[in-house]
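Asker: Can you look at this prediction? I've put the sequence above it.
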Amino acid sequence: MEVVLALVIGVLYGAGLYLMMRRNLVQLIIGLGLLSHGANLLIFTAGGLRETGAPILAEGEKHFAAMPADPLPQALILTAIVISFAVTAFALVLFLRTYQTVGTDDVDRMKETDT
Amino acid sequence: MQLFVTNVLISLLWALLTGKVSVGNLAVGFVLGYVALTLLHSEKEERKNSYFRKSLQIVRFALFFTKELVVSSWRVARDVIKPLPEMRPGVVGIPIDAETDLEITLLANVISLTPGTLSLDVSPDRKTLYIHAMYVINPDDLRKEIKEGLERRLLELLR
Amino acid sequence: MTSIIFRTATRYMFPPLLVFSVYVLLRGHHYPGGGFVGGLFAGSAFSLYALAFTVAEARSILRFDPRDITAAGLAVALLSGIPPLFSGNAFLTGTWWELPFMDLGTPLVFDVGVYLVVLGVLLTLVFALGEEE
Amino acid sequence: MFAFLTICFVAALVAPIVHRYFPRHTGAVLSVAPLAMFVWLLTQLAGVMHGHPVEQGLVWIEKLGLELAFRLDGLSMLFALIISGIGTLVILYAQGYFKGHPQQGRFLMYIIAFMASMLGVVLADHLLLVFIFWELTSFTSYLLIGFNHESADARNAALQAMLVTVLGGLFLLAGMILLADAAGTWRLSEIIQRGHAIVEHQHYLPILILVCIGAFTKSAQFPFHFWLPNAMQAPTPASAYLHSSTMVKAGVYLLARLHPALGHTDEWMLILTTIGTTTFLLGAIMALGQHVLKRLLAYTTVSALGAMVMLLGVGTKYTIKAMAAFVLAHAFYKATLFMVAGGITHETGGETSIDKLGGLRKAMPFSFACALLAGLSMGGFPPFFGFVAKETWLHALGDHPLLIAATVVGGAAYVLVGLSTGLKPFIGKMPEGLHAHEVPLSMRIGPMVLGLGGLVLAFFCGTIGHALVEPAATAIYAKPLEVHLHLWAGFNKYLVISLVTLAIGTGCYLARPFFVKVAERLRPITRFGPDAVYQLKLNSVLRFAAWQTRVMQTGILRDYIRVTVLSVVALVGAAFYRAGGFQRWENLSPISPRIALVAMLMIAAAFATTYSKSRLRSILSMGVVGYSMAMLFTFFGAPDLAMTQLVIETLTVILLALAFYHLPPFSHGSTKRTRAIDVAIASGAGVMVTLLVLAALHVQTPTPVSDYYLDHSYKDAHGRNVVNVILVDFRALDTLGEITVLTIAALGAYALLKLRPGRRRDALVALPRDSGEGTASTKEGQP
Amino acid sequence: MTLLPSLPITIPLAGAVLCMLFRRSIAVQKAIAFCTSAIILLTSLCIMAHTKNGTIAVMNVGSWQAPFGITLAIDMLSSVMLVLVGLLAVGVSAYACFDLDRPRMQLGFFPLMLILLMGVNGAFVTGDLFNLYVWFEVLLTASFILLALGGERQQLEGSIKYVALNLLSSALFLAGIGILYGMAGTLNMAELAHLVQEGGRGGLVTMVAVMFMMAFGIKCGMFPLYFWLPASYPTPPAAVTALFSGLLTKVGVYSLIRVFTLIFDTDPDFLHGMILAGAGLTMLSGVLAAAAQYEMRKILAVHIVSQIGYIVMGLGLFTKLALTGTIVYLIHVIIVKTNLFLVAGAINRIKGTYDLHKLGGLYKEKPGLSILFIISAMSLAGVPPLSGFFAKLTLIIAGLRAESWLIVVVALGVSLLTLYSMTKIWTYVFWKPAPEPLPDLDPMSKGKWFVFLLPMIGYTILTIAIGVFAGPIFDYADAAAGQLMNPQGYIDAVLGGAK
Amino acid sequence: MVELVCPLVMLMLTVAFAAAFVRVVIGPTLSDRVIALDMAATIVVALILTHCVQSGSFYYIPAAISIALLSFIGTVVLAIYISRGGAE
Amino acid sequence: MIREILVSIFLLAGGVLSIVAAVGVIRLPDLFCRMHAATKTGTVGVSAIVIGMMIHFGNITVTSRGVLVIAFFLLTAPVAAHMIGRAAYRSGVALWILTRIDEWKTHGEMEQDD
Ligand code: NA
Ligand code: NA
């Protein structure tokens, strides 16, 4: 299972990076999105996969009868998801405003600041 | 409405009394309450009418709708699978009697939910509902079918 | 983009959604859910309203500026870490009071803060984007 | 010592203030500081003479072993006296020179700071402290050379001087650190006692070379000599001071100071005599063809510095004595000549060429007298101190016929320059249109004192030799020696050589127009000199910098991402290789069909996002990826995660769609080649990540932390949903940070949407009334 | 102790929340921002007083024991960084109150600034790897916005590059955290250090270490990952750039130092060698990039890169003396660089441009400003006895003692080129007469001008003071470096010090 | 029995999801993609609910509700986008 | 046992309906026809699975939420379909060539988009 997911993670990273290397702003943002999916899945996979129950204690019980899934990677990913959502939302507005100001969404033509 | 609330309360009371809050138990409580209320309110015609008639209508409508759902689901499903689909799609305008927002909305929804028909839009004068249908042999038949079937029963229920 | 159907559906969906969002918030400590998802639900409800009607109308039923809600949420979350300090505990130590019907604790207050922040954030974004001509 | 140094620095700091309150006597007031130093030095003279150096120390940075350690011995005494004495005179001189100049205060500030730094160099007993003052002299001289900052030449010369001397300084620093490590101490007084250990140390040669480079740049030795003539852009008081008597001698001082530690080896001799002699001759010959007053003096300064290094390089007790005497003589006559030259230029309205000067003897009698005294001393005419020094020098070189020959050539040039600057401007006919008058009093004191000094010293040369030169030479030689200077040493071959030199020099002076003409002819050659090399080096560095910027900062984000990703892949790959690939896998769970199916879907959807001309298709495909993720989360027991992922995914799509109203469809494609490259890079990264995950899999996963959470979630944190408890309790701080991110992201998006340059003006008008909402409240928009 | 370590995080957050709640009144926001900054400074001084004798201030947030909750741990390095943040905050907020345009202030400059500070402080105090990621995101997001706020073309273009490359770094960082968690089952840095030291996973640790190196390398602007910096730093207003230059890259460096002294000290030949090579290339590349610029702010911005090289050089040499140098360099460069940006901003305020070709004649016109500039510039170039000199000196001594000849040669050469760049600015802006007379865009009375310059004067005095009182600073840095070289104290304090 | 049916149903749902994905990719119109994504979301709901049955835990139901709500909003937004003539 | 059978039947019904919908979405000739398949069959399929689930658990929590899910789908799915259909129609998505009749177009009462 982990091997399959490792492959998926690789593909997500690869696809994300490929998209980031395109010229359109929107592709850049989609690339970032895929990248963060990849990172989340990586944490999930590396944290240890268990096709078991959720880490939620059933009503009336005091201890977990069976070992549930590891809750910590889940919490970490939750945080990471939210953060990347926030950043994506801001980036989107940034790109929008950039397009309106610069007059193009071609990243290659945004080179006024360098050199 | 008051009666409905009372009925719900009775069913809850029943569940608490029997000490078992489950779907079945609540349903039993509800039926018991319903019967009790029917008996209690036999003389007050007006109110009894609205609540008890409505509840019967709802049940009838639900049954009708489920039947429609199953039948036309089957028809659509069969057609989807068939090697050569026998569809005669078309966009048909249906003059509607529904007036309030709620009536129009529910009607449109119910039409959409019924397989084979799909509400597209209401005309600006709110008199016509345009639907897309999979099987339009004769537009007038379709119009009639919907007006007589779904719309009549629905409006009956709502008014 | 006025559609009677959409508007009517929204009008009827709106209150239950808000109720549901609070439910998700409060149940979050024991079941899936919590402040984040709850806030997203509430925010979605208002966004839906803004879509069906106008952003201005959605703003008016919200009453508060979303940014104020955000700030208030952040303040609530921050303040929820303060009570333990009085009993000599570290910042953000969970402090619980047992009420007859449920346990009330600072983590729940914290989650309420999260809820408000998420609600405010989502609406700030959606309203601002919706107002962009 | 410390106190007097401090006084000097304070004087520098307050110079502008003094100038504000005593605008007409600034120099006089400020010269008290160096004078105090001078007087104090004289009081210490007796002790130092008898081999009792004055020492003072104060810890500055304990961890670096840096101390404010000062030590006044014979060598320091000689230099410190020159520095403070001439410093006093120069400050007075500057008062007249800059009369009425609005920035006189600043000039005095710089020059006094320079003087104090220079005193620091010669008094410090700690290698790092020497370096600190050394660098300060570079920096203050930068300010002085560039004082006429509105002239581009002055600015360039200042920069050049600083770059060259600082470059040398950096070599010096490295050398000093190695030296200190070799000697095991930073203290100069201790280092010079450990000459053996240092000479035998494996780093001896690097140390020697590094120190020499430092000293040579500062003392304008070939091939670093070029900055000095260019530095004549400085105002004359600065030139007189820096470039004759003080700063340039710092290198010589340092070599002299370190002679006991580094000297007495073949390497030392070879390097110093070669470079010193070359510089000596080069400076002298190049001086022949000059006609600008200050340049004449500058080139002979270069030459003189070469001579000192040469003498030091030979390193016998005689040459060392000669060098010490020559340092003194040179300081006197060169400072005088510079001051007089400055006076001439100052009073003739800016005339600098000796060919256009003449007959000033009437207008400027004082200056004439001083110039003549100094010029003759420079030429080595008896009975001046210059003659005494030259005699000692020739004596010392008795075993080195080649060096004697060089001395004759150089000496002749000195005669020429001495006469050209000391005599030529004042005799003959005054050219048409030249108006001049005598310099003011403050500008007379310096030349008078120093010019006459050259004569007086010669008559008291025995005493001077005993009191000043002998302690200095002893310090350099590190063994006791005796110095006897004579004005008249009897008739011997050296006197003959001297007289021959004078004759040749006088002849040359008469034939000066010829040399000037030759120099004109040869000018093209100088284009290939070290000055040109400096320019070439500087330009090539700048060109390289520009090239690098062009290559690195293309401005194209995609290039940046490519390079970044490639570097990551390469370096992590290197680490992977170093780790020896990955070990065997353990603990792998079996593949279940539903998960395999979802995984395949994810892969397909990921490809679909990349392989798309339609942006909606791309984002909807990304939506599919997100939904698939949620399914995986569901299968692996993460309901909160699944829920959040779904909600967020959809919200992202919604926000994108809202933004798409205002964004154009995809339109900018890449070439096939670019795409192929990108595919390669991206695949590389993907493979790397996959391998990393696989490599991580063989590791057992201990989860004590998670076990703790599962055990304590309900018991201690009152929550059944462990994930939520982690979020709001166990790791609530993360969540606090997370909602902060959310908050500001929204704040930022809002600000960006509401504030844009085009709307700025409106915003400015609209905002104060309202709440900073831009035009939001007045607008009723709806999609 | 239950409170102090959390204050660097909570105080700026509280200030930011207040600012947001008072978003209608700029005057109130200004007051809040300045007061908060001052309180931040005071708090960090208190913390420093507590840690200066080598104690490590530890706090378990939420009272959860060390590896289970998030632990805040402040050692001497952290506390000096906190003090620097405080110093910076006070100066920059004062400057911003004076200099920033109204719309920016209305649209949230102050809360953003405070949250940036919160993120930076969080990164300095946290002892948890994932929490570090969170603080990174906090400060990055705040910086994204501060960078783009104003919406001018250059700003926006710069922001895009900044955002894209930094998010790339975040993805890398997150991947590293994931793998490390998978390996060790903990996020607590002290416990990670402990587990990694126990060994058995050397190869994988090295790989993860390289990932962290690259992730932080991007954030701190190392070669060849610094592209975002020249593209973005010169675009926002001076106050923002000053804040960035002082803080952002330094957080990257701090993290690099933290993880490579605490956790990844298992394979120094390879890892620290790699860092050293990176340091050399970084300083060289950065200084060359600066040499090619003719815009004051760009020169200063690009120079950040080369200074990062110096700082990282100490880590690469990985000796106590070298780390001492690194710490001193950090102290020095944060103050000096901030000041230079403020001075540049002041010039822009009165002359309306940063272009070296257009500027000129300020030496005559604004002598006070000239002095402020030249002192900081020379300090940066390493002219003794200013702060920069001692920092560089220490690194060079450390390099020579470690016999890393090449890096010493590079460091010395770069120092010369730095001098060149600084004198270039000096020559063009101050000495050279202005090619066309530039009117004073904002003529101020003497008093107002003085108030305007006050933060810069303060920083300049600090620069000199660091040089003059280098002794105590070196004592402190030496002790801090000692802590870093012997992480066992940190580990014990975190894991054993739980209540 | 349920243990046998559930994986089967899930497999069927996954296949349906794949089909929806194919439609997202091939279009041809934006409306097609939107409808397909909406259907994909619905299938995810079904999948999650089936997983509830299989794993015997009902914790995933709120997830199902969230997706139902959000996918509705998403579809509406995209519909509005289409009707305002938004480009693909 | 009966319960298990019931659950299985409902679940399978849901699965089959989804497959049918999937096939429809792929096969059907134009957008509007595909919408029939996508929205309705999907809705009915989900409802079937929800009912199966409600029976399986048989407790109040699940049932109440199940009812909620169904209600929600019944309310939203048609609205969504309506919005898409209307938008698609207005934006000029072509009807299948075999579409027999288009009264909307012939009535020509297309309301101007705001
Ligand atoms: Na979180
Ligand atoms: Na939650």
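Answerer: It's in. Ligands and ions are numbered 1, 2, ... in the order given.
Asker: Show me where chain G has its strands.
Answerer: Remark: strands of chain G, listed N- to C-terminal, are G:101-102; assignment by DSSP state E.
Asker: Show me where it dips below the pLDDT cut-off.
Answerer: Within chain G, the stretches falling below the threshold (pLDDT under 70) are G:41, G:97-100, G:105-114.
Asker: for it, what spans make up the helices?
Answerer: For chain G, the helices defined by DSSP state H occupy G:2-27, G:31-35, G:42-57, G:60-90, G:103-107.
Asker: Report the inter-axis angle for the first one versus helix G:42-57.
Answerer: This means helix G:2-27. 160 degrees (axes from the mean of the first three to the mean of the last three C-alpha atoms, to 10 degrees).
Asker: Flag every buried residue along helix G:2-27.
Answerer: In terms of neighbour count (16 or more other C-beta atoms under 10 Å in any protein chain shown), helix G:2-27 has its buried residues at G:7-8, G:10-27. The C-beta positions use only the backbone N, C-alpha and C, and glycine is treated the same way.
Asker: packing partners for that helix?
Answerer: Applying 3 or more C-beta pairs under 8 Å, 6 or more residues apart in numbering or on different chains; DSSP states H and E, we find helix G:2-27 packed against helix B:54-81, helix F:2-26, helix F:30-55, helix G:31-35, helix G:42-57.
Asker: Just checking the distance from the helix or strand harbouring D:Leu228 to the centre of its chain.
Answerer: Under DSSP states H and E, the secondary-structure element containing D:Leu228 is helix D:227-230. Averaging C-alpha coordinates over helix D:227-230 and over its chain gives two centres that are 17 Å apart (C-alpha atoms, centre = their mean, to the nearest Å).
Asker: The residue in chain C that chain A sits nearest to: how many residues sit nearby?
Answerer: With distances taken as C-beta to the nearest C-beta, chain C approaches chain A most closely at C:Leu125, which sits 5.5 Å away. Using other C-beta atoms under 10 Å in any protein chain shown, C:Leu125 has 28 neighbouring residues.
Asker: residues contacting it?
Answerer: Contact partners of C:Leu125, counting by C-beta atoms under 8 Å, 6 or more residues apart in numbering or on different chains, are A:89, A:93, D:655, D:746, D:749-750.
Asker: where does it land on pLDDT?
Answerer: On pLDDT, C:Leu125 comes in at 91.
Asker: Flag the shaky bits of chain A, pLDDT-wise.
Answerer: Low-confidence regions of chain A, defined here as pLDDT under 70, cover residues A:114-115.
Asker: sorry, that was for the stretch 151-300 of chain E
Answerer: For the stretch 151-300 of chain E, the stretches flagged by pLDDT under 70 are E:199-202.
Asker: rerun that using 90 as the cut-off
Answerer: Residue ranges of the stretch 151-300 of chain E with pLDDT under 90: E:151-158, E:179-186, E:193-208, E:221, E:223-237, E:245-246, E:248, E:265-269, E:289-293.
Asker: cool, and chain B?
Answerer: Residues of chain B that meet the criterion pLDDT under 90 lie in B:1-107, B:109-159.
Asker: Please, where are all the helices along it?
Answerer: Under the criterion DSSP H, helices of chain B are mapped to B:2-18, B:23-40, B:45-48, B:54-81, B:101-113, B:139-146, B:152-158.
Asker: Torsion angles phi and psi at D:Leu357?
Answerer: Recorded main-chain torsions at D:Leu357 are phi -110, psi 160, according to degrees, to the nearest 10.
Asker: wait, what's in contact with the closest residue to it other than its chain neighbours?
Answerer: Spatially, and ignoring its direct neighbours in sequence, D:Leu357 is nearest to D:Pro425 (4.0 Å; C-beta to C-beta, 6 or more residues apart in numbering or on different chains). Counting by C-beta under 8 Å, 6+ apart, D:Pro425 makes contact with D:293, D:344, D:354, D:357-358, D:360, D:371.
Asker: I am finished for the moment; much appreciated.
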